[in-house]
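J.: what's the 3D shape of this:
(4 chains)
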Protein chains: 2
Amino acid sequence: MAAPGRGVTIADVAARAGVAASTVSYVLSGKRSISPDTARRVMEAVAELGYHPHAGARSLASRRAGVIAMMLPLRDGMHLPVLMQFASGAVTEARRQDQDVLLMTADEGPAGLARVAASAIVDGLILMDVEVRDPRVETLRRLGLPSVLIGFPADAEGLTCVDLDFTAAGRVCADYLVERGCTDVALLGASEAVYERRTGFAERVRSGFLNRTADRPGVAAAALPCADEPAAVQRTVKELLHARPGLTGLAVHNEPSVPHVVHALADAGKSVGEDFHVVVIGPDEVAERVHPQLPSVLVPAETLAEIAVRHLMRKLDGLDVPDATLVEPQLTMR
Amino acid sequence: MAAPGRGVTIADVAARAGVAASTVSYVLSGKRSISPDTARRVMEAVAELGYHPHAGARSLASRRAGVIAMMLPLRDGMHLPVLMQFASGAVTEARRQDQDVLLMTADEGPAGLARVAASAIVDGLILMDVEVRDPRVETLRRLGLPSVLIGFPADAEGLTCVDLDFTAAGRVCADYLVERGCTDVALLGASEAVYERRTGFAERVRSGFLNRTADRPGVAAAALPCADEPAAVQRTVKELLHARPGLTGLAVHNEPSVPHVVHALADAGKSVGEDFHVVVIGPDEVAERVHPQLPSVLVPAETLAEIAVRHLMRKLDGLDVPDATLVEPQLTMR
DNA sequence: CTTCGTCATCGAAGCGCTTCGACGGGCGTC
DNA sequence: GACGCCCGTCGAAGCGCTTCGATGACGAAG
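T.: Predicted coordinates for the structure are as follows:
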């Protein structure tokens, strides 16, 4: 990386290498064959001058900006560290593919999508945390802007979506508990309120959990919602233990309640990890910050981000990608 | 926002409004006076066609991209929620000024700066979490790319920097304790290791704290480093209480140790909030997640981000801005 | 030895916008 | 009533790049 003078253009590189500007362009893009000797001279000139193509000019001429947008729900209920992992994964993968990432907040809404589409400032976009009824989805479809969604809207027809396989996550939790010898288990889900906008995945965890336990003879299972407040959690757990004295396993799909669940179990004289088993669906920290630490299935943010970026790039290159991609859940033991 | 056809150009708008393309440009930029009547017709055409200027073309012609870069330390030790708040604040403020934000990770390093500068993909940049000896700083200076730093490098000459006023934060903590009637207080700082790269602000808190207590007659104060590990924290607190039996106030500037400090104090029979006072310098959650909740001074990420963006915009407009901006710390009572 | 194909390269034409200089028409001024 | 000015508008010239068609050189084929 030599000292870049102000405004090194392709003409400067061409002059230095003793070729035409178009030749430099072809060397850089590889779109026509160039003799090895010329190519070498051009690359040397590029390096010596510290040339980087002017992004605006390139986007104007080639109709490719080399930038993708990422729309994040910055003010929203989504777990922040997960969001950061996501952003980090996306930027890293994008750079690997020589793309930059424009950051947008979800509160720009459909109008924001229309703006970036019309101004050609980005080639495509990744929409995080898509809800079941998401107003941006219709706009997206209408604009025809290449995109990948994280999450599944109600009508995913014609869209490319990526997400954790929540049904499988429910199954994984069920398996964990059953393998520990539990014959009476329950799934503690989210409060109705939290998921009302995005019911999809709460449902899926639940059905994965219940279907799997139903397959296991001699295993009784239940699923019930649970509010977030400490007191409500305590009460729910107490009632549950009372109603099902034989309960020995619990899957918790409700981040904020985890510490309180553990507390309530301890109060009830249960020894987690010995005569009682708990598994969490949620971020690592949640499962790590309780005593004893719990096994958990997390939302693999970096992986999802990488897949999303790769799929988007394929779409931009005119290749096709699966409409729906579900990532296998991983159970982390602790 | 009407349905934007594919590729509405300024010529389309001009035709529709019955004027020249240059006139449309002047209406939109306000750089020449235009009759109210013409302006109205142009604006109507813009709205009807859903016109948004092509970002690349604009950047090519005007040498202004309308995008600023934000470089975040995504993999680094910085507290994630703070980072998100920062990103959120920056994007929101940037959009208010009609700018977009390009997200870069710190591991692109100086080469990344050179790239975005040379490709003119952004007009300027904001560098988060600047360290005392930061390799990017020299590059930045050489490139002459307009920028604002969050944090202070060793040599801030000619750079625009923004940060929390850590010296004042030290004073605020001292004041809090003294006002609660404490006459023997201490500051528990970071472990040497954590701050070695970014010594600046640990130092400043310390001197703010000690200078302020020194001003108060009859108040004894000390400052000591503290490791992060639970056991080490417990030991440090125990030794401290033993060495200074009259100690009744503690300021903790070490995020991870807070819960353990509280624990250790309880073990020693101190009743925090009654016969003993503790104040934290760190994120809200840290101070909220202990019992009892503690008052705290936080890094006001959104505010810093807004200031950074505003300063950057001013620089881009050729206005001048102060070299150093220190934000007053706020004590949040709990 | 001419003809045809290939390969490597060149030149020119835009991409959509901003901006500069020019120009015509209305007004105030002497 | 003629002169100059300013205001509002237009046309044209780029900004730096990609891409298309053209061109020359060189071997192979006839």
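
J.: okay, domains of chain A per the record?
T.: Chain A breaks down by automatic domain parsing into domains covering A:10-53, A:67-159+A:302-328, A:166-297.

J.: can you pull the pLDDT of the nearest residue to residue A:79 once chain neighbours are set aside?
T.: Nearest non-adjacent residue to residue A:79, counting by CB to CB, 6 or more residues apart in numbering or on different chains: residue A:283, 5.6 Å away. (Each C-beta comes from the backbone N, C-alpha and C, glycine too.) Per-residue confidence (pLDDT) for residue A:283: 87.

J.: does residue A:279 lie in a helix or a strand, and which?
T.: In this assignment (DSSP states H and E), residue A:279 forms part of strand A:277-281.

J.: just residue A:204 next, same as before
T.: Using DSSP H and E, residue A:204 falls in helix A:199-215.

J.: pLDDT averaged over that helix - what is it?
T.: Here the average pLDDT along helix A:199-215 is 90.

J.: now do that helix: distance to the chain's middle.
T.: Centre-to-centre, helix A:199-215 and its host chain are 21 Å apart (CA atoms, centre = their mean, to the nearest Å).

J.: on contacts alone, who are the packing partners of that helix?
T.: The contact analysis (3 or more CB pairs under 8 Å, 6 or more residues apart in numbering or on different chains; DSSP states H and E) places helix A:199-215 against helix A:166-179, strand A:184-188, strand A:220-224.

J.: what comes up buried for stretch A:288-301?
T.: For stretch A:288-301, a neighbour-count test (16 or more other CB atoms under 10 Å in any protein chain shown) marks A:290, A:293-301 as buried.

J.: my guess is residue A:293 contacts residue A:287. True?
T.: Yes: if you go by CB atoms under 8 Å, residue A:293 and residue A:287 touch, sitting 6.3 Å apart.

J.: burial of residue A:30, as a residue count?
T.: Residue A:30 has 9 neighbours, counted by other CB atoms under 10 Å in any protein chain shown.

J.: ramachandran angles for it?
T.: With angles defined as degrees, to the nearest 10, residue A:30 sits at phi 70, psi 20.

J.: same check on the one 10 residues further on?
T.: Here the main-chain torsion angles of residue A:40 (degrees, to the nearest 10) amount to phi -60, psi -50.

J.: and it, how far from residue A:27?
T.: 9 Å (CB to CB, to the nearest Å).

J.: same drill for the two, tell me which one is more crowded.
T.: Shown here are residue A:40 and residue A:27; by other CB under 10 Å, residue A:27 has more neighbours (24 against 13).

J.: ok, now which ones touch residue A:136?
T.: Residue A:136 is in contact with A:71, A:106, A:109-110, A:113, A:127, A:130, counting by CB atoms under 8 Å, 6 or more residues apart in numbering or on different chains.

J.: any idea which helix or strand carries it?
T.: Here residue A:136 sits within helix A:135-143, counting by DSSP H and E.

J.: mean confidence for that helix?
T.: Mean predicted confidence for helix A:135-143 is 93.

J.: in it, what's buried?
T.: So, applying 16+ other CB under 10 Å, buried residues of helix A:135-143: A:136-137, A:139-140, A:143.

J.: from the residues you listed, which is closest to DNA strand C?
T.: For the buried residues of helix A:135-143, the residue nearest DNA strand C by CB to the nearest atom of the strand is residue A:143; the value is 16.4 Å.

J.: how about the closest one, nearest residue that isn't a chain neighbour?
T.: Nearest residue to residue A:143, sequence neighbours excluded (CB to CB, 6+ apart): residue A:117, at 4.5 Å.

J.: what about that neighbour, how many residues nearby?
T.: Residue A:117 - counted by other CB under 10 Å - has 25 other residues nearby.

J.: isn't it right next to residue A:146, touching?
T.: No: look at residue A:117 against residue A:146 with CB under 8 Å: they stay out of range, at 9.9 Å.

J.: okay, angle between whichever helix or strand residue A:93 is part of and helix B:80-96 too, please.
T.: Assigned by DSSP H and E, residue A:93 belongs to helix A:80-96. Orientation check (axes from the mean of the first three to the mean of the last three CA atoms, to 10 degrees): helix A:80-96 against helix B:80-96 gives 60 degrees.

J.: tell me the buried residues in helix A:80-96?
T.: A:80-95.

J.: same question for stretch A:169-181.
T.: So stretch A:169-181, judged by 16+ other CB under 10 Å, has buried residues A:169-178.

J.: report all helices and strands that the strand holding residue A:279 contacts.
T.: So strand A:277-281, by 3+ CB pairs under 8 Å, 6+ apart, packs with helix A:166-179, strand A:249-252, helix A:258-267, strand A:296-297.

J.: out of those, flag the one nearest DNA strand D.
T.: Closest among these, using CB to the nearest atom of the strand: helix A:166-179, at 41.2 Å.

J.: could you single out the nearest of the buried residues of helix A:135-143 to DNA strand D?
T.: Once CB to the nearest atom of the strand is applied, the member of these that ends up nearest DNA strand D is residue A:143, at 22.1 Å.

J.: surely that closest one meets residue A:113?
T.: Yes: counting by CB under 8 Å, residue A:113 is a contact partner of residue A:143 at 6.3 Å.

J.: give me the buried subset of the contacts of residue A:136.
T.: In the contacts of residue A:136, the ones that pass as buried (16+ other CB under 10 Å) are A:71, A:106, A:110, A:113, A:127, A:130.

J.: can you list those in JSON lines and add distance to residue B:250, pLDDT and secondary structure?
T.: Compiled in JSON lines, the buried ones among the contacts of residue A:136 are given as follows (distance: CB to CB, whole Å; pLDDT from 0 to 100; DSSP: H, G, I helix; E, B strand; the rest coil):
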{"residue": "A:71", "distance to residue B:250": "44", "pLDDT": "97", "secondary structure": "strand"}
{"residue": "A:106", "distance to residue B:250": "41", "pLDDT": "93", "secondary structure": "helix"}
{"residue": "A:110", "distance to residue B:250": "51", "pLDDT": "96", "secondary structure": "helix"}
{"residue": "A:113", "distance to residue B:250": "51", "pLDDT": "97", "secondary structure": "helix"}
{"residue": "A:127", "distance to residue B:250": "46", "pLDDT": "96", "secondary structure": "strand"}
{"residue": "A:130", "distance to residue B:250": "46", "pLDDT": "87", "secondary structure": "coil"}
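
J.: great, nothing more from me.
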